[in-house]
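# show me how the following folds:
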Amino acid sequence: MSATYPLDLLHPSGRVERTMLLGEHCPRYPMPAGTTRASRDVDLALVAPSPADLRERRWLEHAADEAARSLGEHGLAYVRVPRRLRRAARRELQGAGLVLESPLVHLPNTDAPRYLLPLRTEPWRHALGRLIAARPLSRRVLLTTQALPFGNTILAYAMPAVGIVARRPGADPLTAWVALLGGETRETTDAVVATSWRGPEASVVLHCFAPGEADPWGVAKVAEGSSSEAERLDRVGVTARTAGVRVPRRLANGRLDRRSVVVESVVPGHPVADMLMRSPTSFVEVVTAIAAWLERWNVTTAATESVPRSRLDDEVVARAGDLASLLPGGTSYRSWLAGHCRALEGRDLPLVAVHNDLTMWNVVLDERGSMGVLDWGEAEERGLPLTDFFYAIADAAAACEGYEDRLDAVRSCFLPGGARAAVVMPVQDRVAAALGVAPPVVELCFHACWLRHAQNEQRAGVRGDGSFLDIVRWLARHAASAG
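Numbering: from 1, shown residues only. I've put the predicted structure just below:
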């Protein structure tokens, strides 16, 4: 599998093949991997000096000159320096004959950011208002500062991690490759780049802005397998739309070398996660709306089958086996699940369309209260029932508490006597009854839900203390105590 990195997609061609590293503090990420080191005609010159580099007289001036001499016709220089040197770095780049682009803020402030955010009004407001989780006070301060007459200048020198972008005069604009995909794509002058918590092997997403427009016109997703997202959006998304939610529409798709690209329409609305963090009292309203849609969608897509044990083994037992070494009594827990799967072998089970990533960040509400659902890359036409319900409702509860303790959110919803169980359990029973799912199947699907997410978490490199693994550890202990 080939990885996709944010700086690949800023380049006009959407690919970085020849790179130059200037400085001893070059981060592993977001630097493209698998590229060729070169000294001329480079696609990307990354300037990231260490403290030792900066003790050398005129190091920054020499680095800017070398980057300018080495860039190819459409190459980029990307400079990471301490706050006190950002003004000097911009001056040196301009002195070397390069044209400056909008600075890119790294959020969070690390060498492996989830977001690269251009310091321009439209993408800044969109990202902070609709994409990025931030404390209300922090969000207000950042938005207010940006709106000041010299707000962008203040932020460019105040934020902890900022990338300075420069290119040759007359070079193709950043992200020019998006418009070249055809279909219903448009010219893109700014893009908020968002990476996945699963790391560079997962998709990188560009929220694309046309000149002078306040809202993005589209969302471009690049990764191995993005073509399958386009197919899943077409196949699974249409049934979700029929059941009453707004779903993205495919605008274009294509390839960047070995990577697939799908461009989707924007589904207007505000993330429900952010709404719940601001107003936890909305939990009941959210649970009711999501459960009603899931019930409609699941009933219309349900196909009752005599499920082979191999299917249950793959989705439950095998995943428990993969995680066994990280769980208390992991081998016993796997055996306990295997016994439950054997008991259900040959029984009819309704398989339903599933989203598989129904976090409240992927659910939006517009001004009229109409619900939209985003990010269909993990969707399936035939999945285990109620797994979307379990994940969505627990994620809503976690959002109410600022995602401080996901295990506590699960227990509050699904443990008898939990703080939210009186609201959640009757809704769960209603959805299960509509699908004809018996209590033993409900229990197995509950385990299957969290095993899936814990396995994804571990594959993404979260070791030992991931929030989903905590949930599965709790389930393993509960199974042991239940005998």
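# so which residue is dead centre in the protein?
To find the centre residue of the chain, average its C-alpha atoms and take the closest one (C-alpha atoms, centre = their mean): that gives residue 196, at 3.9 Å.
# how close does that residue sit to residue 203?
Residue 196 sits at a distance of 6 Å from residue 203 (criterion: C-beta to C-beta, to the nearest Å). Quick note: C-beta positions are derived from backbone N, CA and C, even for glycine.
# could you do residue 446 as well?
According to C-beta to C-beta, residue 446 and residue 203 sit 28 Å apart.
# neighbour count: the two, which is higher?
Comparing residue 446 with residue 203 by neighbour count (other C-beta atoms under 10 Å), the higher total belongs to residue 203, at 24 against 19.
# what's across from the residue nearest to that one when sequence neighbours are not counted in the sheet?
Ranked by C-beta to C-beta, 6 or more residues apart in numbering and with sequence neighbours excluded, the top spatial neighbour of residue 203 is residue 223, at 3.6 Å. Following DSSP bridges, residue 223 is listed with bridge partners residue 260.
# ok, residue 223 - how many residues close by?
When neighbours are defined as other C-beta under 10 Å, residue 223 has 25 of them.
# which pLDDT does the model give it?
With respect to pLDDT, residue 223 has a value of 80.
# that one contacts residue 195, doesn't it?
No: taking contact to mean C-beta atoms under 8 Å, the distance of 10.2 Å between residue 223 and residue 195 leaves them out of contact.
# what residue of the protein is the furthest out?
When each C-alpha in the chain is compared with the mean C-alpha position (C-alpha atoms, centre = their mean), residue 57 comes out farthest, at 42.0 Å.
# now the longest strand seen in the chain: average pLDDT?
The strand of greatest length in the chain, counted in residues with DSSP state E as the criterion, is given as strand 71-79. On average, the pLDDT along strand 71-79 is 95.
# again, but for stretch 207-218
Here the mean pLDDT over stretch 207-218 is 93, rounded to a whole number.
# all helices of the stretch 51-200 of the chain, in order?
When secondary structure is read from DSSP state H, counting those that start in this stretch, the stretch 51-200 of the chain shows helices at 51-54, 59-70, 86-95, 121-126, 136-147, 151-158.
# by mean pLDDT, show me the worst of the ones you listed.
Looking at the helices of the stretch 51-200 of the chain, the lowest mean pLDDT belongs to helix 136-147 (a mean of 84).
# buried stuff in it?
Residues of helix 136-147 classed as buried under the neighbour-count rule (16 or more other C-beta atoms under 10 Å) are 139, 142, 143, 145, 146.
# likewise for stretch 432-446?
For stretch 432-446, a neighbour-count test (16+ other C-beta under 10 Å) marks 432, 434, 435, 437, 441, 442, 444, 445, 446 as buried.
# distance between the ends of that stretch?
Counting by C-alpha to C-alpha, to the nearest Å, the length from the leading to the trailing residue of stretch 432-446 is 12 Å.
# got a list of contacts for that stretch?
Surrounding stretch 432-446, the residues in contact under the criterion C-beta atoms under 8 Å, 6 or more residues apart in numbering are 295, 298-299, 302, 304, 312, 316, 337, 340-341, 343-344, 347, 349-350, 352, 384-387, 390, 414, 428, 475.
# repeat the analysis, applying 7 Å as the threshold.
By C-beta atoms under 7 Å, 6 or more residues apart in numbering, the surrounding residues in contact with stretch 432-446 are 295, 298-299, 302, 316, 340, 343-344, 349-350, 384-387, 390.
# next one: stretch 18-28
32, 35-39, 41-50, 52-53, 63, 66-67, 70, 111.
# now for residue 86, how many residues are close by?
A count of nearby residues for residue 86, using other C-beta under 10 Å, gives 19.
# next up, the contacts around it.
Taking C-beta under 7 Å, 6+ apart, we find residue 86 in contact with 156, 157, 162, 164.
# just give the number of residues close to the first one.
Neighbour count of residue 156, defined by other C-beta under 10 Å: 20.
# contacting residues for the nearest residue to it once chain neighbours are set aside?
Among residues not flanking residue 156 along the chain, residue 103 sits closest, at 4.6 Å (C-beta to C-beta, 6+ apart). Listed by C-beta under 7 Å, 6+ apart, the contact partners of residue 103 are 119, 156, 162, 163, 164.
# surely the first one touches residue 105?
Yes: under the contact definition of C-beta atoms under 7 Å, residue 119 touches residue 105, with a separation of 6.2 Å.
# sorry, back to before: kindly point out the strands partnered with the longest strand of the chain and how each is oriented relative to it.
Based on DSSP bridges, the strands next to strand 71-79 in the sheet, each with its direction, are strand 42-47 (parallel), strand 162-167 (antiparallel).
# nearest approach to residue 90 belongs to which of these?
Nearest to residue 90 among the strands paired with strand 71-79 is strand 162-167; the distance by C-beta to C-beta comes to 6.0 Å.
# what about the closest one, average pLDDT?
For strand 162-167, the mean per-residue pLDDT is 95.
# tell me the angle that strand makes with helix 151-158.
For strand 162-167 against helix 151-158, the angle between stretch directions is 110 degrees (axes from the mean of the first three to the mean of the last three C-alpha atoms, to 10 degrees).
# which outside residues touch strand 162-167?
With C-beta under 7 Å, 6+ apart, strand 162-167 has contacts from 75-80, 86, 89-90, 93, 98-101, 103-106, 156.
# so what secondary structure elements neighbour the worst-scoring helix or strand of the chain on mean pLDDT?
Ranked by mean pLDDT, DSSP states H and E, the helix or strand of the chain with the weakest confidence is helix 309-312, at a mean of 80. Taking 3 or more C-beta pairs under 7 Å, 6 or more residues apart in numbering; DSSP states H and E as contact, the helices and strands that helix 309-312 lies on are helix 330-344.
# just the buried positions in stretch 146-162, please.
The neighbour-count criterion (16+ other C-beta under 10 Å) identifies 146, 151, 152, 155, 156, 159, 161, 162 as the buried residues of stretch 146-162.
# how about stretch 354-372?
Neighbour-count burial for stretch 354-372, with 16+ other C-beta under 10 Å as criterion, is recorded at 354-365, 371-372.
# start and end of that stretch, how far apart?
Length of stretch 354-372, first residue to last, C-alpha to C-alpha: 15 Å.
# now do that stretch, average pLDDT.
Averaging pLDDT along stretch 354-372 gives 95.
# so what's residue 156 up against?
The neighbours of residue 156, taking C-beta under 7 Å, 6+ apart as the test, are 86, 103, 119, 162.
# what do you get if the cut-off is 10 Å, keeping everything else the same?
Counting by C-beta atoms under 10 Å, 6 or more residues apart in numbering, residue 156 touches 83, 86, 87, 90, 102, 103, 104, 105, 119, 150, 162, 164.
# could you check how far it is from residue 189?
Counting by C-beta to C-beta - residue 156 and residue 189 are separated by 18 Å.
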